[in-house]
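> What shape does this take:
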Amino acid sequence: RSVMAAGANSLKGKGTENPDNYKAKILFQDIANIHAVRESLRGFRSILTSSKTDENWLTDVQRTGWLGHISSILAAATRAVYYIRNRRSSVLIHCSDGWDRTAQVCSLAQLLLDPYYRTIDGIIVIIEKDWLSFGHKFRDRLGLALKSQEESPIFHQWIDCVWQVMEQFPNSFQFNELLLRDIIFHLQTNWFGNFMFNCEKEAVSCSMPRISIWSLIKGNRSHYVNHKFDIRSESAALLPIPSMKVVRVWPLLYLKYDESFLGHIRYLAEDWKGEVLTSVQSDSGRRMVVWEPDDWSNECHDCNQRFTWYRRRHHCRSCGKLFCHTCTNQRILLKQVNMHNKVRVCEKCADLNQDSQPPDVITIRHTHTWSFSQFACVSDHSV
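Purely as a prediction, here's the structure:
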């Protein structure tokens, strides 16, 4: 908390302990409360969805305060690690109630100190121990309770902090950022029962059958392995730099659908033929298709017909380029990009991927053209 917040709590009979009674020193870390964090993320998301250019981007992001909140949590955890590791001191961490900022700083400090918590099994243990069993109010913080006034992305914020540490120490984590991203994604899906309750008592007393998110992660362990992980780094404690000059926006989570970001990736590399990059290979071995931004082309890459209100743009899910509806009327499976249902592709990509299609899936196309218009009605039937 800040000094001001501690002073306000003292009027309610709370406040802080007298350090003279413990021969201790009190250090205030000025970490914002749930209301400030909630408004900060709302403003940050608004910038992500409304900003179309890079002009004033950093200024707008700075005004939301989101990265500043991340920096303050990193600073508090790093300070705790310093006192424990370098000064051999005991550290007591608490906030107003003990289930938000306390969980953030304690769990992050343990992750920095103990390499076990930087493994796939370890991060599962620390989330179960310091968040679920400790009593973080997931139901209220995620807005699952009706008319809740306590919604706030506290756990989301902690996951972002873990990613910031991973960026500074990429060889010190057994898991990759996909694991962190998927945890944040499933906070809102309600597919799993881990994050539906305010405390362990509520979870135990609920008779509704539930599936654990850890079954998903452990069942797809190879998908979440960091191939840069160096086993020799396990013995070292981590002291990340919490400065705002180092903390940055998480692209995979926040810029996943930003066209200017994805468009930049296309030109990060060129092969010897001068062709632009159309896909990126992830650490897990899967290919991510980079879609061409809508405003990059006014005509179909195949038939060269101009796009109009009736000849609309469609992306080929295999190469990412823009085509009209007639030139992307094929549907195939693309398991190499983690698409297990049939998706829209162009004619060229359909021919290239024909050998990878299962024998029991046959696509029959019927094209009917009416004389009174230029429309083509295409229907696909799979047998």
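
> ranges for the strands of the protein?
279-281, 287-289, 314-315, 322-323, 330-334, 339-345, 363-369, 376-382 (DSSP state E).

> Distance from the chain centre to the fifth one, please.
Think strand 330-334. 27 Å (CA atoms, centre = their mean, to the nearest Å).

> Pull up the pairing partners for that strand, direction included.
strand 339-345 (antiparallel) (DSSP bridges).

> how many neighbours does Lys25 have?
8 (other CB atoms under 10 Å). (C-beta placed from N, C-alpha, C; glycine too.)

> Point out where the chain drops to low pLDDT.
Applying pLDDT under 70 to the chain flags the ranges 1-15, 51-53, 147, 233-235, 257-290, 293, 295, 335-340, 355-383.

> top helix in it by residue count?
As assigned by DSSP state H, the longest helix anywhere in the chain is helix 66-85.

> Can you tell me which helices and strands that helix packs against?
helix 34-50, helix 101-113, helix 154-168 (3 or more CB pairs under 8 Å, 6 or more residues apart in numbering; DSSP states H and E).

> Need the contact partners of the second one.
For helix 101-113, the external contacting residues (CB atoms under 8 Å, 6 or more residues apart in numbering) are 1, 29, 31, 73-74, 76-78, 80-81, 84-85, 91, 93-95, 117-118, 122-123, 126-127, 130-131, 134, 136, 154, 157-158, 161-162, 165, 237-240.

> list the buried ones in it?
101-113 (16 or more other CB atoms under 10 Å).

> again with the longest one
Applying a neighbour-count criterion of 16+ other CB under 10 Å, one finds 34, 37-38, 40-41, 43-44, 47-48 buried in helix 34-50.

> now, among those, which is nearest to His314?
Nearest to His314 among those: Leu48, at 24.9 Å, using CB to CB.

> quick one on the thing from earlier: just give me the closest of the buried residues of helix 34-50 to Phe197.
Ile34 (17.6 Å).

> now that closest one: how far from Pro153?
9 Å (CB to CB, to the nearest Å).

> any common contacting residues for these two?
With CB under 8 Å, 6+ apart, Ile34 and Pro153 have common neighbours Arg141.

> coming back round to it: which one, of the helices and strands packed on helix 66-85, ends up nearest to Asp351?
Of all the helices and strands packed on helix 66-85, helix 34-50 comes closest under CB to CB, at 37.3 Å.

> Can you name every helix or strand that that closest one contacts?
Packed next to helix 34-50, using 3+ CB pairs under 8 Å, 6+ apart, are helix 57-64, helix 66-85, helix 154-168.

> now the angle from that helix to helix 154-168?
60 degrees (axes from the mean of the first three to the mean of the last three CA atoms, to 10 degrees).

> which other residues reach helix 34-50?
32, 57, 60-61, 63-66, 69, 100, 141, 150-154, 156-157, 254-255, 258.

> So Ser152 is in contact with Leu142, correct?
No: if you go by CB atoms under 8 Å, Ser152 and Leu142 don't touch, sitting 9.0 Å apart.

> Compare these two (neighbour count), which wins?
Ser152 (25 against 20).

> how much space between that one and Ile31?
Taken as CB to CB, the span from Ser152 to Ile31 is 12 Å.

> list residues touching both of these two?
Listed contacts common to Ser152 and Ile31 are nil; contacts here mean CB under 8 Å, 6+ apart.

> ok, the residue nearest to Leu179 when sequence neighbours are not counted - contacts?
The shortest distance from Leu179 to any non-neighbouring residue, by CB to CB, 6 or more residues apart in numbering, is to Tyr224 (4.1 Å). Tyr224 sits next to 120, 175-176, 178-179, 182, 217, 284 when contact means CB under 8 Å, 6+ apart.

> which of these are buried?
So, by 16+ other CB under 10 Å, the buried ones in the contacts of Tyr224 are 120, 175-176, 178-179, 182, 217.

> with these in mind, which one is nearest to Ser318?
Leu178 (21.2 Å).

> From what I see, the closest one and His223 are in contact.
Yes: if you go by CB under 8 Å, Leu178 and His223 touch, sitting 6.5 Å apart.

> contacting residues around Cys199?
Contacts of Cys199 (CB under 8 Å, 6+ apart): 135, 137.

> How many neighbouring residues does the residue nearest to Ser90 when sequence neighbours are not counted have?
Closest residue in space to Ser90, ignoring its immediate chain neighbours: Ile84 at 7.8 Å, by CB to CB, 6+ apart. Per other CB under 10 Å, the neighbour tally for Ile84 reads 17.

> now Ser90
Other residues close to Ser90 by other CB under 10 Å number 9.

> Pull up the gap between it and Ile126, please.
The spacing between Ser90 and Ile126, counted by CB to CB, is 20 Å.

> buried set for stretch 137-155?
137-142, 144, 150, 152-155.

> In JSON lines: the residues you listed, plus distance to Thr328.
Output for the buried residues of stretch 137-155, formatted as JSON lines (distance: CB to CB, whole Å):
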{"residue": "Lys137", "distance to Thr328": "47"}
{"residue": "Phe138", "distance to Thr328": "42"}
{"residue": "Arg139", "distance to Thr328": "43"}
{"residue": "Asp140", "distance to Thr328": "45"}
{"residue": "Arg141", "distance to Thr328": "42"}
{"residue": "Leu142", "distance to Thr328": "38"}
{"residue": "Leu144", "distance to Thr328": "39"}
{"residue": "Glu150", "distance to Thr328": "47"}
{"residue": "Ser152", "distance to Thr328": "43"}
{"residue": "Pro153", "distance to Thr328": "38"}
{"residue": "Ile154", "distance to Thr328": "43"}
{"residue": "Phe155", "distance to Thr328": "40"}
